[in-house]
Each structure stands twice: as C-alpha cells, then as structure tokens.
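Student: My questions are about this predicted structure, shown below with the sequence.
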Amino acid sequence: MPEVRVLGVLVVEDEPVALEAHAAYVGRVEGFEVVATAGTAKAALQALQTVRVDIVLLDMNLPDGHGLDIIRAMRAAGHRADVIAVTSARDLAIVRGAVSLGVVQYLLKPFVFATLRDRLEAYAAYRRQLPSSEQVDSQAQVDDVLAGVRPSTRTSLPKGMSEDLLSRVTRMLQDTAATTGMSASELGERVGVSRVTARRYAEFLCETRVVVRRSRYAGQGRPEVEYRWVG
C-alpha cells in the first residue's frame with residue numbers, strides 16, 4: 001500500500017490571534033501540516049513560491065488585498081493549490097465569486113475545531129480518491145470527485161446553541177467592533193435574550209478566537225467584562 005503523503009497547508013489570516021488558532025486547529029488533524037502562515041496577500045503569494053502547498057486556508061479580507069484577487073493571482077502564476085475560504089464575509093457576491101474561482105469550501109467564522117476538522121478530512125478523502133491517471137474513466141468517477149470534497153455531515157454547535165442566535169450575536173459584535181465592546185447585558189438587550197444566554201454565546205466566540213474579553217472599569221465597583229470582535 002503506498003504511503004499517504006501529509007498535505008501541506010498555508011494559513012492566511014491577518015488577525016494574529018485567529019491565525020494562531022487556525023494553525024493550531026490544522027495541526028490537530030491527522031494528515032495535515034502547516035507549512036507556512038501569512039498575514040498579508042503579498043506574504044501569501046511569496047509563501048506559495050517557496051514551499052509546497054496543497055491547500056490554502058484563506059481569509060477573504062486582508063490589509064493589502066481581497067481573497068478573490070489572491071486566488072486570481074495564484075492561478076495566473078500557475079499555483080494549483082486548492083483553497084478553503086475561512087472568513088466572516090457573508091456577501092452573496094463574494095460567495096458566488098469564490099465558487100466561480102474554484103474555492104472547494106467556504107467556511108464562515110466563527111467555527112469550532114470539529115467544523116474545520118470535518119472539512120479537512122473531507123478534503124483528504126477527496127485527494128485519496130483522485131484517479132492515479134490524468135483521465136477519469138466514467139461519469140460515476142467524475143461525480144465521485146465533485147462530491148468528495150464536501151463533508152458528509154454538518155458539525156453541530158454545542159448542545160443548546162442555535163446557529164440563528166449565534167449569527168445574530170456575531171453580527172451585533174461585528175457591527176460594534178469599530179467603536180466599543182459590549183457587556184453580556186448590553187449584548188443580550190440588543191439581540192433580545194437574557195444576559196446569561198448572551199454571555200454563553202460571547203464566551204463561545206472567545207473560545208473560537210474571534211472575540212476577546214476585556215475588563216471595563218466604571219467607577220469604584222467591580223469591573224464589568226466586555227466582549228469585542230477581532231475576527
């Protein structure tokens with residue numbers, strides 16, 4: 001049986017905390033290895049010139065370029081690495097643009113480790129089933145290749161949490177990121193849930209490294225915890 005090659009991953013993310021978290025996630029998935037990281041479009045394209053990359057975990061919003069432009073530059077330079085978009089960008093136009101450029105998966109932040117693991121394992125299965133020759137033998141083989149890159153099941157959130165409420169909390173924190181953080185009480189009031197529920201979702205976002213918690217001092221009382229989106 002031939003030895004299975006470890007797949008090299010380039011992690012592209014401009015937020016250092018998120019970059020560290022995504023790289024750590026990749027390192028926990030068997031069969032994958034982070035071969036380079038980059039915080040800018042320029043650094044990402046340079047990394048592709050120097051190391052062997054099988055798949056790029058690509059943020060769509062970088063300080064010196066958009067993710068879609070990076071993919072176009074990759075292809076123009078002859079880089080054939082596949083791309084998984086890992087991003088907060090929810091605009092339909094960006095999603096469609098990613099699909100048209102051949103992005104194999106589109107993963108919205110925030111996400112848990114198991115979500116990325118399932119995507120990477122699906123990608124590894126896709127790579128294993130690719131024909132050894134340069135041609136496919138049948139329509140069935142074509143269908144298998146096209147379907148193989150997608151995970152077979154959706155990874156669920158922790159028990160008792162809903163995707164709808166997580167999306168609302170995420171958007172609220174994103175909308176206020178440029179001005180100030182929000183306490184659990186303020187967050188709960190804005191999205192229409194209790195302080196305890198808002199705190200649970202905010203803490204989940206902290207665990208996924210897209211939100212940070214800070215102490216807010218007001219007067220001489222006990223400092224209040226506030227949550228700020230860092231994406």
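Tutor: Perfect, thanks for sending it.

Student: Next up, the contacts around the nearest residue to Asp54 once chain neighbours are set aside.
Tutor: Excluding the flanking residues, the one nearest Asp54 by C-beta to C-beta, 6 or more residues apart in numbering is Leu7, at 4.2 Å. Any C-beta I mention is one placed from the backbone N, CA and C, and that applies to glycine too. Each residue near Leu7 by C-beta atoms under 8 Å, 6 or more residues apart in numbering is listed here: 31-33, 54-55, 123-124, 127.

Student: Show me the strands in this structure, by range?
Tutor: In the chain, the strands defined using DSSP state E lie at 7-12, 32-38, 55-58, 61-62, 65-66, 82-87, 105-108, 182-183, 211-216, 224-229.

Student: Show me the least confident stretch of those strands, going by mean pLDDT.
Tutor: Here the strands of the chain differ in mean pLDDT, and the lowest is strand 211-216 at a mean of 84.

Student: could I have that strand exported to CSV, CA atoms only?
Tutor: Taking Å, rounded to 0.1, in the frame of the first residue of the first chain, the C-alpha atoms of strand 211-216 are listed here in CSV:
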residue,chain,number,x,y,z
VAL,A,211,-13.9,37.6,20.1
VAL,A,212,-11.7,38.8,23.1
ARG,A,213,-12.9,39.7,26.6
ARG,A,214,-11.7,42.8,28.4
SER,A,215,-12.4,44.4,31.7
ARG,A,216,-14.4,47.6,31.7
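
Student: longest single helix anywhere in this protein?
Tutor: helix 113-128 (DSSP state H).

Student: if I look at the residue nearest the centre of the chain, how far off is Leu68?
Tutor: For the chain, Val86 is the residue whose C-alpha lies nearest the centre (C-alpha atoms, centre = their mean; 2.7 Å). Remark: distance between Val86 and Leu68 (C-beta to C-beta, to the nearest Å) = 14 Å.

Student: Also Ala24?
Tutor: Counting by C-beta to C-beta, the gap from Ala24 to Leu68 is 26 Å.

Student: okay, now the domains of the protein?
Tutor: With automatic domain parsing as the criterion, the domains of the chain are listed as 7-148, 163-229.

Student: Tell me which of those lies nearest to Leu157.
Tutor: When those are compared by C-beta to C-beta, domain 163-229 sits nearest Leu157, at 6.5 Å.

Student: and that closest one, how far apart are its ends?
Tutor: Domain 163-229 has its terminal residues 18 Å apart, counting by C-alpha to C-alpha, to the nearest Å.
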